[in-house]
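Engineer: Structure of the sequence below:
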Amino acid sequence: MRDEDIDLSDSPELGPDFFANAIFWPGPKKQITLRIDPDVLKFFRKQGRGYQSAMNAVLRKYMEAQERRA
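Structural biologist: Below you'll find the predicted structure:
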């Protein structure tokens, strides 16, 4: 199929506003070994499935806050 044969009538054009508000994805995650205090690990594990992603999200928010301060 050629590009001009594709029906895009139900897909709106993405303008500059879309790209100005887009979230930059940093790429695939890296596996590391990290030493965490037992009570911190227990807290996050109690949150259930996805606790490692939650830890990553908390660290990301901290990083972004520090970058805004700089």
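Engineer: So what's the gap between stretch 46-63 and the chain middle?
Structural biologist: Relative to the centre of its chain, stretch 46-63 is centred 11 Å away, using Cα atoms, centre = their mean, to the nearest Å.
Engineer: Ignore what I typed, I meant stretch 60-70.
Structural biologist: 15 Å.
Engineer: then the lowest-mean-pLDDT helix or strand in the chain to CSV, C-alphas only?
Structural biologist: Using mean pLDDT, DSSP states H and E, the weakest-scoring helix or strand in the chain turns out to be helix 16-20, at a mean of 89. Taking Å, rounded to 0.1, in the frame of the first residue of the first chain, the C-alpha atoms of helix 16-20 are listed here in CSV:
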residue,chain,number,x,y,z
PRO,A,16,2.8,22.4,17.3
ASP,A,17,0.7,22.3,20.6
PHE,A,18,0.8,18.5,20.6
PHE,A,19,4.6,18.4,20.3
ALA,A,20,5.1,21.3,22.8
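Engineer: any idea how far the spatially most central residue of the chain lies from residue 44?
Structural biologist: Taking Cα atoms, centre = their mean, the centroid of the chain lies closest to residue 25, which sits 6.2 Å from it. Counting by Cβ to Cβ, to the nearest Å, the gap from residue 25 to residue 44 is 23 Å. Backbone N, C-alpha and C define where each C-beta goes, glycine included.
Engineer: what about this protein, any weak spots by pLDDT?
Structural biologist: The chain contains no residues with pLDDT under 70.
Engineer: the helices in it, which residues?
Structural biologist: Here the chain has its helices, by DSSP state H, at 16-20, 38-46, 51-69.
Engineer: Nearest approach to residue 3 belongs to which of the ones you listed?
Structural biologist: Closest to residue 3 of these, according to Cβ to Cβ: helix 16-20, at 20.4 Å.
Engineer: now the helices of the chain in TSV, with distance to residue 6 and mean neighbour count?
Structural biologist: What follows is these, written out as TSV (distance: least, Cβ to Cβ, whole Å; neighbours: other Cβ atoms under 10 Å):
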stretch	distance to residue 6	mean neighbour count
helix 16-20	20	8
helix 38-46	45	11
helix 51-69	35	11
